[in-house]
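*Asks:* need a structure here:
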Amino acid sequence: MRSNGLIAILLTLFLFYNCSKDDFANNKVLDDRFFVQADGFSMPVWVQGNLASGKIILIVHGGPGQWATGFFNDRYADNCIEPYCAVAYWDQRASGLTQSNSTGKLKIEDYVKDIMRVVRVLHHNYGDSTQIYILSHSWGGLITPAFLAMDEAQKMVAGWVNVDGDSDYEYADYLSQQRMIQLSKSHLLQAKDIVEWQKILDFCNAHRSNESKEVRGKIWEYGVQAEKMLDEINNKRKLTIGFWVKEGIKTTGVSSFSYLSNRLQTKRSTLDEDVYAFKISQYLPKITTPILCLWGKHDVLVPYELGDSLLKSVSSSDKQLILLEQSGHYGMKSEPEVFWENVRIWISKR
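*Replies:* Next comes the predicted model:
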């Protein structure tokens with residue numbers, strides 16, 4: 001349980017508040033902040049940008065345990081997307097700047113229900129006619145299709161932007177391992193970073209991707225290392241947790257304590273194991289919502305073939321895969337202008 005003193009300090013610093021529907025409707029250029037409450041979690045939502053567009057992008061961030069308020073909410077979002085529509089930066093339960101007095105088990109099903117809670121609040125505050133588009137990243141690509149399969153959910157959103165979505169963790173690990181084998185062989189032939197690539201290749205050849213929790217964790221670790229060594233990926237300095245935390249603190253003006261304590265809570269949970277048992281294949285045929293899969297061409301952690309697979313499984317007639325040529329798993333950081341321009345154009349046509 002977080003201390004009451006910390007909660008008070010954070011509330012003061014963030015200036016979050018609860019507003020009436022009329023207060024929200026009277027503001028066309030938004031900078032609104034409020035909490036969504038669920039199961040003892042107080043989840044912050046920052047809504048910023050152009051409400052007159054009639055469109056809101058809801059960020060369903062990665063992780064679990066990352067954040068939207070300090071990761072997505074940067075100067076590129078300010079300049080590249082917020083002038084055209086509003087963006088709702090929501091930190092999920094046990095994530096980012098969320099506060100909690102809950103000691104209960106973290107369950108994937110509750111994250112899914114939280115998306116519905118936030119969507120309902122957005123419609124309540126800004127009007128039922130406001131179009132809401134979900135933009136999910138990585139882990140967000142697992143819980144979003146489960147939300148879309150809920151009763152009435154697809155009537156409440158106008159589209160889904162699936163960014164490097166990890167909709168099948170076991171398949172993603174397999175693809176990641178195969179990609180690293182290919183990359184290792186290629187770079188060893190070129191005599192680039194020989195020691196590092198040889199270590200990755202030896203590990204991949206010695207283990208099955210689904211062999212154990214430890215192997216799965218190592219595949220992710222080596223995938224992160226591989227992306228840092230790829231010349232094809234732009235802005236590799238931004239592909240570290242430390243960089244994001246530092247930038248997030250600049251954006252929010254708040255200590256990193258809440259973020260780090262939430263990360264610890266998710267690490268201590270069983271979510272890392274639960275994601276492998278949570279199969280969304282049953283949900284995908286139910287999805288008819290327009291979908292844009294926006295993927296880093298050089299994503300080693302969740303290769304773009306997973307996006308191809310998802311698009312083949314959904315029933316949407318309006319679906320598209322776009323590859324970011326100089327990106328890995330974090331296209332919003334490596335190619336932010338291109339990333340947001342693709343999102344803006346896609347949303348403007350729907």
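*Asks:* CA atoms for contacts and neighbours, from now on please.
*Replies:* Noted.
*Asks:* What's the separation between K185 and S315?
*Replies:* Shown here: K185 relative to S315, a distance of 38 Å by C-alpha to C-alpha, to the nearest Å.
*Asks:* my guess is G159 meets S136, correct?
*Replies:* No: counting by C-alpha atoms under 8 Å, G159 sits too far from S136 to count as a contact (11.1 Å).
*Asks:* quick one: which of the two has more around it?
*Replies:* Neighbour tally, G159 and S136, criterion other C-alpha atoms under 10 Å: the higher count belongs to S136, 26 against 23.
*Asks:* Can you show me the strands along the stretch 151-300 of the chain?
*Replies:* Along the stretch 151-300 of the chain, counting by DSSP state E, counting those that start in this stretch, strands occupy 159-163, 291-296.
*Asks:* Which among these is found nearest to G62?
*Replies:* strand 159-163 (9.6 Å; C-alpha to C-alpha).
*Asks:* which helices and strands does the closest one pack with?
*Replies:* Contact analysis of strand 159-163 by 3 or more C-alpha pairs under 8 Å, 6 or more residues apart in numbering; DSSP states H and E lists strand 131-137, strand 291-296 as its packing neighbours.
*Asks:* just checking, what packs against the very next helix or strand once past the last one?
*Replies:* Sequence-wise, the next helix or strand beyond strand 291-296 is helix 305-313, with elements assigned using DSSP states H and E. Under the contact criterion of 3+ C-alpha pairs under 8 Å, 6+ apart, helix 305-313 touches helix 169-189, strand 319-324.
*Asks:* Need those in TSV (columns: mean neighbour count and mean pLDDT).
*Replies:* Converted to TSV, the helices and strands packed on helix 305-313 look like this (neighbours: other C-alpha atoms under 10 Å; pLDDT from 0 to 100):
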stretch	mean neighbour count	mean pLDDT
helix 169-189	19	98
strand 319-324	18	98
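*Asks:* Dump the ones you listed to a markdown table, plus distance to N101.
*Replies:* As requested, the helices and strands packed on helix 305-313 are exported to a markdown table (distance: least, C-alpha to C-alpha, whole Å):
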| stretch | distance to N101 |
| --- | --- |
| helix 169-189 | 30 |
| strand 319-324 | 40 |
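*Asks:* Which among those is found nearest to P336?
*Replies:* Nearest of the helices and strands packed on helix 305-313 to P336, taken as C-alpha to C-alpha: strand 319-324 at 10.2 Å.
*Asks:* Tell me which strands that closest one pairs with, and in which orientation.
*Replies:* As defined by DSSP bridges, the strand partners of strand 319-324 come to strand 291-296 (parallel).
*Asks:* and the strand it pairs with, what's its mean pLDDT?
*Replies:* Over the span of strand 291-296, the pLDDT mean works out to 98.
*Asks:* chain center to it, what's the gap?
*Replies:* Offset of strand 291-296 from its chain centre (C-alpha atoms, centre = their mean, to the nearest Å): 12 Å.
*Asks:* Would you mind writing the CA trace of it as CSV?
*Replies:* Output in CSV follows, covering the C-alpha atoms of strand 291-296 (Å, rounded to 0.1, in the frame of the first residue of the first chain):
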residue,chain,number,x,y,z
ILE,A,291,-7.6,-1.7,-37.8
LEU,A,292,-4.2,-0.2,-38.6
CYS,A,293,-1.2,-2.4,-37.7
LEU,A,294,1.7,0.1,-37.4
TRP,A,295,5.0,-1.9,-37.0
GLY,A,296,8.7,-1.4,-36.8
